[in-house]
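Participant: coords please:
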Amino acid sequence: MNNEQETIKYLRSPVAIRERCDRIFSLGCENKLSHFRVDLTKLDKCADYVIQVMQEEYPNLEIPFHSRWRHFEVGNVSRIAELDRTLAGLTPLEKAKVKFDLAIISVLLDAGAGANWQYYERETEQVFRRSEGLAVASFRMFCQGAFSSHPDLPWQADAKGLQSLTLEELMSGFQVSADNPLVGVSGRLELLQRLGQVLTQHPKVFGTENPRPGNMVNYLLDNHNNQVAASTVLSAVLEGLGEIWPGRLAIADVNLGDVWIHPSLEGDNQSERYVPFHKLSQWLTYSLLEPLQELGLEITGLNELTGLSEYRNGGLCLDIGLLEAKYPDILRDRYPVGSEIIVEWRALTVSLLDRIAATIRQKLNLSSAELPLVKVLQGGTWSAGRRIALVLREGGVPPIQIESDGTVF
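Facilitator: I've put the predicted structure just below:
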């Protein structure tokens with residue numbers, strides 16, 4: 001393996017995410033960053049706030065994984081049970097493939113809805129917004145066969161179906177109109193169409209006949225002994241889906257995905273300034289673990305993955321005072337995802353989530369095995385970030401505004 005291949009492999013690892021983010025975090029603790037200060041005296045306050053939210057939402061602390069499957073249950077409707085009834089005649093392996101198809105499509109469509117979009121679910125006559133709205137809309141489109149090229153097999157996503165998806169179909173499925181705008185809708189379409197192309201380029205992961213995301217189940221089963229490491233699932237996601245991300249940093253023509261530059265990181269090579277996050281890919285990995293568990297696989301190394309660097313977790317850190325913006329314009333302006341401000345905010349968030357989780361475990365006298373990070377996120381920091389935003393700002397918008405292209409958040 002040459003140096004470039006080693007660098008690519010490293011930047012696709014959870015180890016790299018933590019190491020690069022912790023380097024920025026150390027600079028923040030020394031007040032050597034341009035945009036944010038770190039105030040660890042607020043760590044107890046933050047942990048107490050998150051514990052309060054956890055105990056309200058999960059009184060017995062039996063917290064599920066932070067994954068897309070939680071959003072499919074919004075409005076006290078068990079859409080997963082509805083799907084399971086639909087799939088009753090399939091083998092366990094085929095059910096897992098369907099759930100992989102659904103989770104992958106739904107997560108890729110979950111890149112921030114904006115404050116003005118909503119989805120009316122005809123089946124329940126309920127209205128949903130933001131992540132939950134995107135989840136329900138994608139669930140309904142999936143069950144109606146929007147991503148399948150086989151009319152007799154609607155509940156799947158396949159290469160041909162994804163490549164032939166049109167903007168009109170996606171806008172109709174998400175009920176987008178002049179009065180109901182969805183940010184980054186064309187970016188989402190391009191992501192799905194590129195996914196359709198990539199499925200045909202990785203037969204080892206996605207199969208040769210009828211390439212589909214769900215065939216990743218076979219790939220993972222071929223490499224296991226009744227166990228699979230969470231980092232192995234992430235590696236499969238990053239290798240299999242890496243080419244779908246638009247206009248990103250590359251090494252040796254390999255698209256690195258959710259990797260950005262922070263100028264405070266110095267080194268002999270340009271790549272030493274790269275900060276990986278792989279937010280959607282890790283969120284996706286967390287969402288693929290449950291179908292694998294349903295097949296009887298034990299998930300190992302759960303805490304190797306990192307917290308998710310998105311605006312609810314990052315918003316909590318700012319709103320509770322763990323992070324402080326160094327000048328007021330940061331909270332007034334809008335920034336592209338690759339800007340130094342957003343990269344810095346996201347990196348500090350990843351490092352702080354580890355420390356918030358450790359403080360919560362200490363207060364509750366639980367081990368990392370009993371309360372893994374993926375449950376702290378669900379219980380948890382994501383919900384607490386949304387709750388505090390609703391208290392502080394109309395509409396619960398995050399404290400920093402991001403120009404989303406529909407492919408990062």
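Participant: and the longest helix for the chain?
Facilitator: Counting residues, the longest helix found in the chain (DSSP state H) is helix 340-364.
Participant: helix or strand right after that helix?
Facilitator: helix 373-376 (DSSP states H and E).
Participant: what about that following helix, distance to the chain center?
Facilitator: Here the centre of helix 373-376 is set off from its chain's centre by 13 Å, with CA atoms, centre = their mean, to the nearest Å.
Participant: Just the buried residues of the next helix or strand after that helix, please?
Facilitator: Going down the chain from helix 373-376, the next helix or strand is helix 382-392, by DSSP H and E. Buried residues in helix 382-392, defined by neighbour count with 16 or more other CB atoms under 10 Å: 382-389. Just so you know, the C-beta spots here come from the backbone N, C-alpha and C atoms, and that holds for glycine as well.
Participant: what mean pLDDT would you report for helix 382-392?
Facilitator: Across helix 382-392, pLDDT averages out at 95.
Participant: helices or strands next to that helix in the packing?
Facilitator: helix 43-57, helix 311-320 (3 or more CB pairs under 8 Å, 6 or more residues apart in numbering; DSSP states H and E).
Participant: The stretch 151-300 of the chain: strands as residue ranges?
Facilitator: 227-229, 250-251, 254-255, 259-261, 274-276, 298-300 (DSSP state E, counting those that start in this stretch).
Participant: Next, the contact list for residue 169, please.
Facilitator: Counting by CB atoms under 8 Å, 6 or more residues apart in numbering, residue 169 touches residue 146.
Participant: Residues contacting stretch 249-256, please?
Facilitator: 4-5, 7-8, 11-12, 242-243, 245, 248, 259-261, 271, 274, 276.
Participant: Nearest to residue 342, out of the residues you listed: which one, please.
Facilitator: residue 260 (8.0 Å; CB to CB).
Participant: count of neighbours near the closest one?
Facilitator: Residues near residue 260, counting by other CB atoms under 10 Å, number 23.
Participant: In contact with the closest residue in space to it that isn't next to it in sequence, which residues?
Facilitator: Spatial nearest neighbour of residue 260, excluding adjacent residues (CB to CB, 6 or more residues apart in numbering): residue 343 at 4.6 Å. Contacts for residue 343 (CB under 8 Å, 6+ apart) come out as 260-262, 275.
Participant: for the residues you listed, which one is nearest residue 401?
Facilitator: residue 260 (17.6 Å).
Participant: isn't that closest one right up against residue 275?
Facilitator: Yes - here residue 260 reaches residue 275: they are 5.5 Å apart, a contact under CB atoms under 8 Å.
Participant: re the thing from before, so can I have a markdown table of the strands of the stretch 151-300 of the chain showing distance to residue 208 and mean pLDDT?
Facilitator: Formatted as a markdown table, those follow (distance: least, CB to CB, whole Å; pLDDT from 0 to 100):
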| stretch | distance to residue 208 | mean pLDDT |
| --- | --- | --- |
| strand 227-229 | 23 | 92 |
| strand 250-251 | 27 | 91 |
| strand 254-255 | 23 | 88 |
| strand 259-261 | 30 | 95 |
| strand 274-276 | 31 | 96 |
| strand 298-300 | 28 | 93 |
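Participant: so which of these is the most packed in?
Facilitator: Among those, strand 274-276 has the highest mean neighbour count (mean count of other CB atoms under 10 Å), at a mean of 25.
Participant: Parallel or antiparallel, list what pairs with that strand.
Facilitator: strand 259-261 (antiparallel) (DSSP bridges).
Participant: Need the residues that contact the strand it pairs with.
Facilitator: Counting by CB under 8 Å, 6+ apart, 11, 248-249, 273-278, 337-338, 342-343 sit against strand 259-261.
Participant: Could you do stretch 179-191 as well?
Facilitator: Applying CB under 8 Å, 6+ apart, the external contacts of stretch 179-191 come out as 108-109, 111-114, 116-118, 165-167, 170-171, 174, 176, 244-246, 404-407.
Participant: The residues you listed in helices, which ones?
Facilitator: 108, 167, 170-171.
Participant: those helices in the stretch 1-150 of the chain, which residues are they?
Facilitator: Assigned by DSSP state H, counting those that start in this stretch, the stretch 1-150 of the chain shows helices spanning 3-11, 14-29, 43-57, 68-71, 79-86, 92-108, 130-143.
Participant: Can you say which of those is nearest to residue 318?
Facilitator: Per CB to CB, nearest to residue 318 of the helices of the stretch 1-150 of the chain: helix 43-57, 10.8 Å.
Participant: so what secondary structure elements neighbour that closest one?
Facilitator: So helix 43-57, by 3+ CB pairs under 8 Å, 6+ apart, packs with helix 311-320, helix 340-364, helix 382-392.
Participant: Could you please name the strands the helix or strand following the shortest one pairs with and the direction of each pair?
Facilitator: By that I understand helix 311-320. Per DSSP H and E, the first helix or strand lying C-terminal to helix 311-320 is strand 323-325. Using DSSP bridges, strand 323-325 pairs in its sheet with strand 36-38 (antiparallel).
Participant: next one: the strand it pairs with to chain centre, how far?
Facilitator: Relative to where its chain is centred, strand 36-38 has its mean C-alpha point 25 Å off (CA atoms, centre = their mean).
Participant: Go through stretch 35-54 and flag the buried ones.
Facilitator: Within stretch 35-54, the residues that qualify as buried by neighbour count (16+ other CB under 10 Å) are 35-36, 38-39, 42-43, 46-47, 49-51, 53-54.
Participant: Go through these and say which is closest to residue 320.
Facilitator: Nearest to residue 320 out of these is residue 46 (CB to CB; 4.6 Å).
Participant: Looks like that closest one contacts residue 319 (just checking).
Facilitator: No - with contact defined as CB under 8 Å, residue 46 does not reach residue 319; the gap is 9.6 Å.
Participant: could you list every residue that touches residue 204?
Facilitator: Remark: with contacts taken as CB under 8 Å, 6+ apart, residue 204 is in contact with residue 219.
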